[in-house]
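Engineer: Here's my sequence, what's the structure:
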Amino acid sequence: DVDEAVQLFKDHLKGNLSFFEHEVRMRHKDGSWKWILVRGRVVSWSADGKYEWAAGSTQDITDRKKQEISLKKYKDLLVKTNEAASIGTWELDIQDNTVTWSSITKKIYEVDQDYSPSFERSINFYPEGEHRVKA
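Structural biologist: Sure thing, here's the model as predicted:
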């Protein structure tokens, strides 16, 4: 983690980045691990092009990172469970009128994994009748 943060800072000093930002794990004085968001940038350069002053901040993001890790764990578990049970899922964004299918749904309907359904095409996979109301 620290090596990547150092490399980002070096890239910033070379002018490749306007600022640096990195999430890094650090050992707390009590022995626990904390996730820290480090941000910064050089605010003053010398006449010969060397940095004089840098300013930045650090923020404890441990709780957020724990939630992200937990969410990823349960999403992965859900995907594995759905694969084992051959349960497909889909999502309709009513604001954008877009539909997203899971990979299992695509397998069930025997379409390519890069298939991107529209709402109109998606509804046609279901027969007309009591479970489908045509607008």
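
Engineer: Residue 27: what's it in contact with?
Structural biologist: Counting by Cβ atoms under 8 Å, 6 or more residues apart in numbering, residue 27 touches 33, 34. The C-beta positions use only the backbone N, C-alpha and C, and glycine is treated the same way.

Engineer: Is it bridged to anything, and to what?
Structural biologist: Counting by DSSP bridges, residue 27 forms beta bridges with residue 33.

Engineer: Check the gap between it and residue 65 for me.
Structural biologist: 15 Å (Cβ to Cβ, to the nearest Å).

Engineer: And what about the residue sitting nearest the centre point of the chain, helix, strand or coil?
Structural biologist: The structure's the chain has its C-alpha centroid closest to residue 68; by Cα atoms, centre = their mean the separation is 9.0 Å. The three-state label given to residue 68 by DSSP: H, G, I helix; E, B strand; the rest coil is helix.

Engineer: Only C-alpha atoms, please: export stretch 84-104 in CSV.
Structural biologist: Taking Å, rounded to 0.1, in the frame of the first residue of the first chain, the C-alpha atoms of stretch 84-104 are listed here in CSV:
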residue,chain,number,x,y,z
ALA,A,84,-25.4,-22.8,-8.4
ALA,A,85,-29.2,-22.5,-8.4
SER,A,86,-29.3,-21.1,-12.0
ILE,A,87,-31.2,-18.0,-10.8
GLY,A,88,-30.9,-15.1,-13.2
THR,A,89,-31.5,-11.5,-12.1
TRP,A,90,-32.3,-8.3,-13.9
GLU,A,91,-32.6,-4.7,-13.0
LEU,A,92,-34.7,-1.9,-14.6
ASP,A,93,-33.7,1.7,-14.1
ILE,A,94,-37.0,3.5,-14.6
GLN,A,95,-35.3,6.9,-14.8
ASP,A,96,-33.1,5.9,-17.8
ASN,A,97,-35.4,3.2,-19.0
THR,A,98,-32.4,0.8,-19.2
VAL,A,99,-32.3,-2.9,-18.3
THR,A,100,-29.4,-4.8,-17.0
TRP,A,101,-29.2,-8.6,-17.0
SER,A,102,-27.0,-10.9,-14.9
SER,A,103,-24.7,-13.4,-16.7
ILE,A,104,-27.1,-16.2,-15.5
